[in-house]
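Enquirer: A structural model of the following input is requested.
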Amino acid sequence: MPRKALEHDFLMNGILAVAALHMAATTDPPEALSYLDAALEYHNQAFTPFRQAVDNMTPSNCDAVFAHSVITTVIGIGLPHLTAERGESSSMTENIIVVCELLQGVSNIFRIGRSWFQTSLYSRSKFFDDHAQNLASDTEEALTRLTAINDAMMAPVDADQHRIIKDALGLLRRSFTRYRSSPDAASVLSWLAVVDKEFVHALRRRQPLALLALIHWAVLLGELDGKVWWAKKSGPALVSELLVALRPGDPLWEAARSWPKQKLGL
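Expert: Predicted coordinates:
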């Protein structure tokens, strides 16, 4: 990727942003604050050129676009915790939704122009295949409960929304299953990229069932805490925010709210 960065300024700025963010995460204040400021500056410089590249993807820039999409995801997850440490407010939920929106443009073009990609990370056509592991019993119960809530609440009143949530939950199950056999960041982050744009719109509208799916994904995100520096405390932070947004309801709904909280020790 460094060679690609020499050809694409947005990728170079992205690499510098994540490097500065890493330094901010591993350096004591006040020096950490200067690294955080640098990370934000590089990230902002990359944003508009990256969006332009997404809208005009070609065989020559597609690998750089995908590399930067990973960087954007890392920054979106890691930034709220670091800004909170210096007393600034940054919504974890909003950052995740923005990441989803950015990844939508990338993933759509990937499906169209798959033959362009040279980087092995992005050329795997069967990402979720060969992961037929059984889920832990509590995870299986939690995901089955989500499906039941969707069936009870949405199927009778809005067939389209029921389908959108059902599809997102199916992909979430596949991410949990893949993580069971391949406990890596790709298994966790993949869900953000593969969910349908209608589901991302539901998240943007703060649709309760979409947020309930997201709070369960936060359990998966929490698995990365201690494995990668940028995921530190991110899972609990996202769950804490979403518990405020998701009001108490009937016993089935309450059980769905409680599982992520219990899993992350909140």
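Enquirer: contacts and neighbour counts: CA atoms only from here.
Expert: Will do.
Enquirer: where does the stretch 51-200 of the chain dip in pLDDT?
Expert: 85-89, 105-133 (pLDDT under 70).
Enquirer: 80 - rerun?
Expert: Applying pLDDT under 80 to the stretch 51-200 of the chain flags residues 83-90, 104-133.
Enquirer: show me where it has helices.
Expert: 62-85, 92-112, 137-153, 159-181, 185-194, 197-204 (DSSP state H, counting those that start in this stretch).
Enquirer: between those, which one is nearest to Gly226?
Expert: Among the helices of the stretch 51-200 of the chain, helix 185-194 comes nearest to Gly226, with 11.8 Å by CA to CA.
Enquirer: could you give the angle of the closest one to helix 159-181?
Expert: In terms of direction (axes from the mean of the first three to the mean of the last three CA atoms, to 10 degrees), helix 185-194 departs from helix 159-181 by 170 degrees.
Enquirer: Kindly calculate the angle that helix 185-194 makes with helix 62-85.
Expert: Going by the same axes, to 10 degrees, helix 185-194 makes 100 degrees with helix 62-85.
Enquirer: okay, now the domains of this protein?
Expert: Domain assignment for the chain, taken from automatic domain parsing, gives 2-117, 137-263.
Enquirer: First-to-last residue distance for the longest one?
Expert: As for domain 137-263, its first-to-last residue distance stands at 13 Å under the measure CA to CA, to the nearest Å.
Enquirer: if we can go back for a sec, can you put the domains of the chain in TSV and add mean neighbour count?
Expert: Listed next are the domains of the chain as TSV, based on neighbours: other CA atoms under 10 Å:
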stretch	mean neighbour count
domain 2-117	18
domain 137-263	18
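Enquirer: quick revisit: any chance of the helices of the stretch 51-200 of the chain in JSON lines, plus distance to Ser258?
Expert: Shown next, in JSON lines, are those (distance: least, CA to CA, whole Å):
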{"stretch": "helix 62-85", "distance to Ser258": "23"}
{"stretch": "helix 92-112", "distance to Ser258": "18"}
{"stretch": "helix 137-153", "distance to Ser258": "10"}
{"stretch": "helix 159-181", "distance to Ser258": "18"}
{"stretch": "helix 185-194", "distance to Ser258": "21"}
{"stretch": "helix 197-204", "distance to Ser258": "20"}
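Enquirer: Quick one: closest of the ones you listed to Arg3.
Expert: helix 62-85 (9.8 Å).
Enquirer: Touching stretch 234-251 from outside, list them.
Expert: 77-78, 81, 92-93, 208, 211-212, 215, 218-223, 225, 254, 257, 260-261, 264, 266 (CA atoms under 8 Å, 6 or more residues apart in numbering).
Enquirer: any idea of the mean pLDDT in it?
Expert: Mean pLDDT, stretch 234-251: 89.
Enquirer: Make residue 1 into 488 and carry on from there
Expert: With the count now opening at 488, the last piece we talked about shows up as stretch 721-738.
Enquirer: Output it as PDB, nothing but the C-alphas.
Expert: Provided in PDB are the C-alpha atoms of stretch 721-738 (Å, rounded to 0.1, in the frame of the first residue of the first chain):
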ATOM      1  CA  SER A 721     -15.300   0.900  21.500                       C
ATOM      2  CA  GLY A 722     -17.800  -2.000  22.000                       C
ATOM      3  CA  PRO A 723     -18.900  -0.800  25.500                       C
ATOM      4  CA  ALA A 724     -19.000   2.800  24.300                       C
ATOM      5  CA  LEU A 725     -21.300   1.900  21.500                       C
ATOM      6  CA  VAL A 726     -23.500  -0.300  23.700                       C
ATOM      7  CA  SER A 727     -23.800   2.500  26.300                       C
ATOM      8  CA  GLU A 728     -24.900   5.000  23.800                       C
ATOM      9  CA  LEU A 729     -27.400   2.700  22.200                       C
ATOM     10  CA  LEU A 730     -28.900   1.700  25.500                       C
ATOM     11  CA  VAL A 731     -29.900   5.300  26.000                       C
ATOM     12  CA  ALA A 732     -31.500   5.500  22.600                       C
ATOM     13  CA  LEU A 733     -33.300   2.100  22.900                       C
ATOM     14  CA  ARG A 734     -36.100   2.700  25.400                       C
ATOM     15  CA  PRO A 735     -37.300  -0.200  27.700                       C
ATOM     16  CA  GLY A 736     -40.100  -2.300  26.300                       C
ATOM     17  CA  ASP A 737     -41.800  -5.700  26.700                       C
ATOM     18  CA  PRO A 738     -39.900  -8.700  28.300                       C
END
